[in-house]
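**Student:** have a look; sequence and predicted model below, questions after that.
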Amino acid sequence: MPVLVITGTGTEIGKTVTTAAVAAAGLAAGRSVAVLKAAQTGVQPDEPGDAEEVTRLAGAVTAAEIARYPDPLAPATAARRAGRAPVRPQDIAEAAAKLATEHDLVLVEGAGGLLVRFDAEGGTLADAAELLAAPVLVVVSAGLGTLNTTELTARELRGRGLDLAGVVMGSWPDVPDLASRCNLVDLPEVCGAPLLGALPAGAATLAPADFRTAAPSWLAPRLDGTWDSEAFRRREAP
């Protein structure tokens with residue numbers, strides 16, 4: 001799995017902190033890791049973006065960013081408003097492929113959900129994943145409403161012949177409600193893919209050293225972690 005594409009079922013769902021956790025687990029397993037942010041929006045030129053946040057939390061990763069746009073909008077819209085060239089799926093695939101020649105693991109973080117548009121022709125992260133023939137990890141919310149958005153994302157991936165590696169809950173509440181607990185059982189069923197992790201709420205606020213130490217315990221072995229989904233489900237599910 002030299003390239004792993006990471007998307008979400010929406011915005012503010014925990015994609016970046018999940019990307020950081022996967023990167024930290026990879027580093028702990030002895031891998032060289034690169035993180036590619038396809039298009040950074042809502043950040044000024046002198047401000048740190050998602051790739052820098054991954055580096056802060058995970059440590060010695062190679063961080064790369066193809067383009068950034070100041071408005072906090074979908075990449076295609078933000079590029080248009082800024083009067084700048086958009087990022088196209090081919091750009092993402094070429095940048096990831098180059099990084100893969102120099103690293104054991106390349107994590108490609110999208111913007112928003114799987115079908116958010118990157119250019120005026122409707123190019124998406126899914127198109128880039130097709131060009132790369134890369135598996136896709138989907139970051140999901142824990143609570144009510146996540147079953148529908150997760151299943152829709154899974155159906156789109158399968159319709160394109162893409163490998164849904166699994167799903168990770170980007171923020172598991174300290175006190176989970178009934179919907180969150182039931183979703184531990186229902187999510188793998190509706191998306192037809194394994195639950196590969198659950199990050200605790202507030203993980204990004206940990207000191208970086210503590211984050212790096214704990215990250216493998218939040219992720220399943222397929223993501224270089226030690227998290228046991230069955231044990232977690234037995235403990236948390238109703």
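**Tutor:** Sure thing, it's come through. Numbering: from 1, shown residues only.

**Student:** make it CA atoms for all contacts and neighbour counts henceforth
**Tutor:** Will do.

**Student:** part of a strand, is V35?
**Tutor:** Yes: under DSSP: H, G, I helix; E, B strand; the rest coil, V35 sits within a strand.

**Student:** was I right about it contacting E109?
**Tutor:** Yes: with contact defined as Cα atoms under 8 Å, V35 counts as touching E109 (7.4 Å).

**Student:** does V106 belong to a helix, a strand or coil?
**Tutor:** strand.

**Student:** and it, what are its bridge partners?
**Tutor:** V106 has these beta-bridge partners by DSSP bridges: V3, A34.

**Student:** and it, how many neighbours?
**Tutor:** Each residue near V106 was counted by other Cα atoms under 10 Å, and the total is 27.

**Student:** before we move on, what about R234?
**Tutor:** By other Cα under 10 Å, neighbour count at R234 equals 11.

**Student:** report the contact partners of it.
**Tutor:** Contacts for R234 (Cα atoms under 8 Å, 6 or more residues apart in numbering) come out as none.

**Student:** looks to me like it is in a strand.
**Tutor:** No: going by three-state DSSP, the assignment for R234 is helix, not a strand.

**Student:** so where do the strands sit in this protein?
**Tutor:** 3-8, 33-37, 40-41, 62-65, 68-69, 105-113, 136-140, 164-172, 195-200 (DSSP state E).

**Student:** quick check: which of the ones you listed is nearest to V17?
**Tutor:** Of all those, the one in closest proximity to V17, counting by Cα to Cα, is strand 164-172 (7.5 Å).

**Student:** count of neighbours near the residue lying closest to A133 once chain neighbours are set aside?
**Tutor:** Nearest in space to A133, with sequence neighbours left out and distances taken as Cα to Cα, 6 or more residues apart in numbering, is L162 at 7.2 Å. Neighbour count for L162, taken as other Cα under 10 Å: 19.

**Student:** I'd assumed L132 was in contact with L162.
**Tutor:** No: the criterion here is Cα under 8 Å, and L162 misses it with L132 at 10.1 Å.

**Student:** quick one: residues contacting the residue nearest to A133.
**Tutor:** Shown in contact with L162 (Cα under 8 Å, 6+ apart): 129-130, 133-136.

**Student:** including pLDDT, distance to G59 and neighbour count, could those residues go into CSV?
**Tutor:** Putting the contacts of L162 into CSV (pLDDT from 0 to 100; distance: Cα to Cα, whole Å; neighbours: other Cα atoms under 10 Å) gives the following:
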residue, pLDDT, distance to G59, neighbour count
A129, 97, 26, 26
E130, 97, 29, 18
A133, 96, 27, 16
A134, 97, 24, 21
P135, 97, 24, 20
V136, 98, 23, 27
